[in-house]
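S.K.: pasting the sequence and the predicted coordinates here, then a few questions.
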Amino acid sequence: MNDLFIQKIMIDWAQVSRGSYLHDIEALQGIEALELTCPVTFFVGENGTGKSTLLEAIAVACGFNPEGGTKNYSFSTYDSHSELCGAVKIGKGYRKMRWGYFLRAESFYNVATKEEEYARDPFGCAVPEELHRKSHGESFLAVVQRHFRPDGLYILDEPEAALSPQRQLTLLMEIYRLAQRGAQFIIASHSPILLGIPGGEIWSFDEGWIHPVSYTETESYQVTELFINNREYLLERLLRSG
């Protein structure tokens, strides 16, 4: 047994109704368990392959609010989470996490609003750091710096959506530093920068099944490499055909 907070992710398909669209997601079909072995685990794959759906279910099974935040956040602006949230079971390790955060790009505005509300003192005075006064990327990194600590569990859904390439490098350094100090990360991402973190475990949802891949086997890396090395030729072919 390793020292990760989440050792295994299991799906009890008996808890998913027969008519659910979840049965039509190829990568999830037949999956009963997924074992994690590294402090940083990535889910990669094309849009619609189920990676964010599974990530959300993991977060909810761990006690996080479906829209994001810490375990203490309790709010809902739109109930959109799937039945998978009730079907996923978590195989926990021997360590008890001290901190945690679920961040998803699509609902970060709502979380930032609640973050400011929760940060107000009993006299109604807002703390100096107001997330909505910052850019999207700045507010995201402010949340990371405020809530991400060693010995915590952090579940991130496409965090690169808020960040410039340079800020993605900053996040990569934060993830690496915290993972070295006992934190665990599960991240759904398309970023060839974040995916390059040393020692990360990458699970691909492409080709109709969940399977491990190396960094250079990810589509994010291959498409980026192809574009950078063959930009003029590739654009000419693409734009001419359009």
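M.R.: Structure received.

S.K.: C-alpha from now on. contacts and neighbour counts both.
M.R.: Noted.

S.K.: pLDDT below threshold where in this protein?
M.R.: 1, 72-81, 105-137, 241-242 (pLDDT under 70).

S.K.: which helix is the longest one in this protein?
M.R.: helix 165-179 (DSSP state H).

S.K.: list the contacts of the closest residue to G63 other than its chain neighbours.
M.R.: Excluding the flanking residues, the one nearest G63 by CA to CA, 6 or more residues apart in numbering is K71, at 6.0 Å. Shown in contact with K71 (CA atoms under 8 Å, 6 or more residues apart in numbering): G63, F64, N65, G100, Y101.

S.K.: show me where this protein has strands.
M.R.: For the chain, the strands defined by DSSP state E occupy 6-11, 33-35, 40-44, 88-92, 99-104, 152-157, 184-188, 201-204, 211-212.

S.K.: who wins for proximity to E225 among those strands?
M.R.: strand 40-44 (16.7 Å; CA to CA).

S.K.: list the strands paired with the closest one, with their directions.
M.R.: Neighbouring strands of strand 40-44 in its sheet, by DSSP bridges, are strand 184-188 (parallel), strand 201-204 (parallel).

S.K.: tell me how far it lies from the chain's centre.
M.R.: Remark: strand 40-44 is offset 8 Å from the chain centroid, using CA atoms, centre = their mean, to the nearest Å.

S.K.: next, the angle helix 165-179 makes with it.
M.R.: 140 degrees (axes from the mean of the first three to the mean of the last three CA atoms, to 10 degrees).

S.K.: and the contacts of strand 40-44?
M.R.: 51, 179, 184-190, 195, 199-206, 218.

S.K.: quick check: buried residues in it?
M.R.: Of all the residues in strand 40-44, those buried under the rule 16 or more other CA atoms under 10 Å are V40, T41, F42, F43, V44.

S.K.: which one among the residues you listed gets closest to I175?
M.R.: V40 (8.1 Å).

S.K.: now that closest one: how far from V60?
M.R.: Going from V40 to V60 by CA to CA, to the nearest Å gives 19 Å.

S.K.: likewise for D12?
M.R.: Distance from D12 to V60, by CA to CA: 15 Å.

S.K.: neighbour count: these two, which is higher?
M.R.: V60 (21 against 14; other CA atoms under 10 Å).

S.K.: about what we covered before: may I see the buried residues of strand 40-44 organised as TSV, with distance to V144 added?
M.R.: Shown next, in TSV, are the buried residues of strand 40-44 (distance: CA to CA, whole Å):
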residue	distance to V144
V40	16
T41	18
F42	18
F43	20
V44	22
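
S.K.: which one of those residues is nearest G152?
M.R.: V40 (12.0 Å).

S.K.: partner residues bridging that closest one?
M.R.: Bridge pairing for V40 (DSSP bridges) gives the partners F185.
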